[in-house]
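Starting from these lines, generate the structure:
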Amino acid sequence: MSDVIAVEGVSKRFGADAAVEQASFEVTQGEFFALLGPSGCGKTTLLRMLAGFETPDAGRIIIGGKDMTGVPPNRRPVNMVFQSYALFPHMTVAENVAYGLRAGGMNAKDATRHATEALALVRLEGMEKRRPDMLSGGQKQRVALARALVKRPKVLLLDEPLSALDAKLRETMRLELVRLQESVGISFVFVTHDQDEALSMAGRIAVMEKGRIRQIANPRGLYETPNCRFVADFIGKANFFGGTVTHQGSGIAVVNCPDLGLLTGRMERSVSGAVTLMVRPERIRLSAAPLTDDGTNLQGRVTHIAYYGDESRIVIDLGTGRTVTASIANDGESGARWRVDSEVFLSWRPDDALILTE
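Okay, here's the model as predicted:
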């Protein structure tokens, strides 16, 4: 598939602060692409540069095969959905959606017809005459989406559009956005700080830290094979063990961890010296006695159990000032056998841990 967006070495500074540093990525036609990272990492600045509201200090942005240098926002083949929705309170729903078409010179009859079609797309039929103050948060978001989609842009830019919604509605709207994106076939670029949103919606995700893109991959790739500790820590839950590689072979490395001894994990490339071993909580196995396979075995005491319905997270003190968190499915006996102060052995297979070099 052809690229609809190409970002090439884009940087942006505000005074002495670097908001975006040498960002490069592509978005293909019809792709759902997410920019993910903590507050202040530069993701919204990058989105605003795509929209034309900010100008890069270096690099260039190409949309639909055309260099956007010097092209104002209203001349770009993109539309943006803001976090606040930015609806006109004095206009009806239909008038809000049709506003951009009317401003572009379309006659009232055609603009109304296109607005009605766009509202049907976001499942708001029959609400054309309502005003924004008569709508729920989810309905306001759908109106904002319809207004952005009615002009059929090449790219739809979304700046944390779900953040103002309650948790249950956010989950519903995630599914709606994916359905909508698949039905219209337009490329979506979605900014969020919420890892669950990005993992559940996007086909590919760019994880940002301090203005830099640290890794771009699909959700499974980011979770299973992060390329650095920051990505591993930001995507999901993880336990980290620092140490020094003692030997390696056949894709497995042995790490000497102070106070804990030798720990094993898989490596994506040759490693040496100081490293970090990462293991996800759900990959840790708990048992009342040491397991006899070739995996890592540690011993500790349960200090805390947090119940989350489908799973429990169990915190284990290893007796060295270090704690480890394991996730256990609440599927009957396995989720109920452990109690606070229980002595427990924890282990993982070599393939269930990952060696990180940065």
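
Mind listing residues that contact the host helix or strand of Arg60?
Assigned by DSSP states H and E, Arg60 falls within strand 58-63. With contact meaning C-beta atoms under 8 Å, 6 or more residues apart in numbering, strand 58-63 is reached by 3-11, 22-24, 49-50, 67-69, 76-78, 154-155. In short, each C-beta sits where N, CA and C put it, glycine included.

Going by neighbour count, which of those residues are buried?
Burial by neighbour count, judged by 16 or more other C-beta atoms under 10 Å, picks out 3-8, 10-11, 23, 49-50, 68, 76, 78, 154-155 from those.

quick check, nearest of those to Gly30?
Using C-beta to C-beta, Val4 comes nearest to Gly30 of those, at 8.2 Å.

continuing past the helix or strand where the closest one lies, what's the next helix or strand?
In the assignment (DSSP H and E), Val4 maps to strand 3-14. Beyond strand 3-14 on the C-terminal side, the first helix or strand identified by DSSP H and E is strand 17-28.

what's that next one packed up against?
Other helices and strands packing on strand 17-28, by 3 or more C-beta pairs under 8 Å, 6 or more residues apart in numbering; DSSP states H and E, are strand 3-14, helix 43-51, strand 58-63, strand 187-192, strand 212-217.

partner strands of the fourth one, parallel or antiparallel?
Yep, that's strand 187-192 we're talking about. Strand 187-192 pairs in its sheet with strand 32-36 (parallel), strand 155-159 (parallel), by DSSP bridges.

hey, C-alpha coordinates of the first one in CSV?
What follows is strand 32-36 as a C-alpha-only set of coordinates in CSV (Å, rounded to 0.1, in the frame of the first residue of the first chain):
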residue,chain,number,x,y,z
PHE,A,32,-4.8,3.3,11.9
PHE,A,33,-1.6,4.8,13.3
ALA,A,34,-1.1,5.9,17.0
LEU,A,35,1.4,8.3,18.5
LEU,A,36,1.7,7.1,22.1
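
can you list the residues that contact that strand?
With C-beta under 8 Å, 6+ apart, strand 32-36 has contacts from 25, 27, 43, 46-47, 178, 181, 187-193, 195, 197-198, 201-208, 234.

how does it look with 6 Å?
By C-beta atoms under 6 Å, 6 or more residues apart in numbering, the residues outside strand 32-36 that reach it are 27, 43, 181, 188-192, 198, 202-207.

Could you pull up the mean pLDDT of it?
Mean pLDDT, strand 32-36: 97.

and the angle for that strand with helix 43-51?
140 degrees (axes from the mean of the first three to the mean of the last three C-alpha atoms, to 10 degrees).

Okay, helices next: where are they in the stretch 251-358 of the chain?
Using DSSP state H, counting those that start in this stretch, the helices found in the stretch 251-358 of the chain span residues 333-336.

so where's it uncertain?
Applying pLDDT under 70 to the stretch 251-358 of the chain picks out residues 292-295, 332-336.

Surely Ala146 is within a strand?
No - Ala146 is assigned helix when assessed by DSSP: H, G, I helix; E, B strand; the rest coil, not a strand.

Which residues does the nearest residue to Val344 once chain neighbours are set aside form beta bridges with?
Spatial nearest neighbour of Val344, chain neighbours left out: Leu286 (5.3 Å); criterion: C-beta to C-beta, 6 or more residues apart in numbering. Beta-bridge pairing for Leu286 (DSSP bridges): Leu346.

residues contacting Leu286?
326, 344, 346.

if I look at Leu356, how far off is Leu260?
Relative to Leu260, Leu356 is positioned 17 Å away (C-beta to C-beta, to the nearest Å).

Kindly apply the preceding question to Ile328 instead.
Separation of Ile328 from Leu260 (C-beta to C-beta) stands at 21 Å.

residues contacting the spatially closest residue to Leu87 that is not a sequence neighbour?
In this structure, Leu87 finds its nearest non-sequential neighbour in Pro132, 4.4 Å apart by C-beta to C-beta, 6+ apart. Taking C-beta under 6 Å, 6+ apart as the criterion, Pro132 is in contact with 87, 89, 140.

If we only consider the buried ones among the contacts of strand 58-63, which is nearest to Gly37?
Ala23 (11.5 Å).

Dig out what that closest one forms beta bridges with.
Applying DSSP bridges, one finds that Ala23 bridges with Val10.

Surely it touches Ile213?
Yes - the pair Ala23 / Ile213 is scored as a contact, 5.5 Å apart, by C-beta atoms under 6 Å.

For the top helix by length along the chain, buried residues please.
Using DSSP state H, we find that the single longest helix of the chain is helix 167-184. Going by neighbour count (16+ other C-beta under 10 Å), the buried part of helix 167-184 is 169-170, 173-174, 176-178, 180-181, 184.

Output these in a markdown table; the columns should cover distance to Asp351.
Shown next, in a markdown table, are those (distance: C-beta to C-beta, whole Å):
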| residue | distance to Asp351 |
| --- | --- |
| Leu169 | 39 |
| Arg170 | 34 |
| Met173 | 36 |
| Arg174 | 31 |
| Glu176 | 37 |
| Leu177 | 35 |
| Val178 | 31 |
| Leu180 | 38 |
| Gln181 | 34 |
| Val184 | 40 |
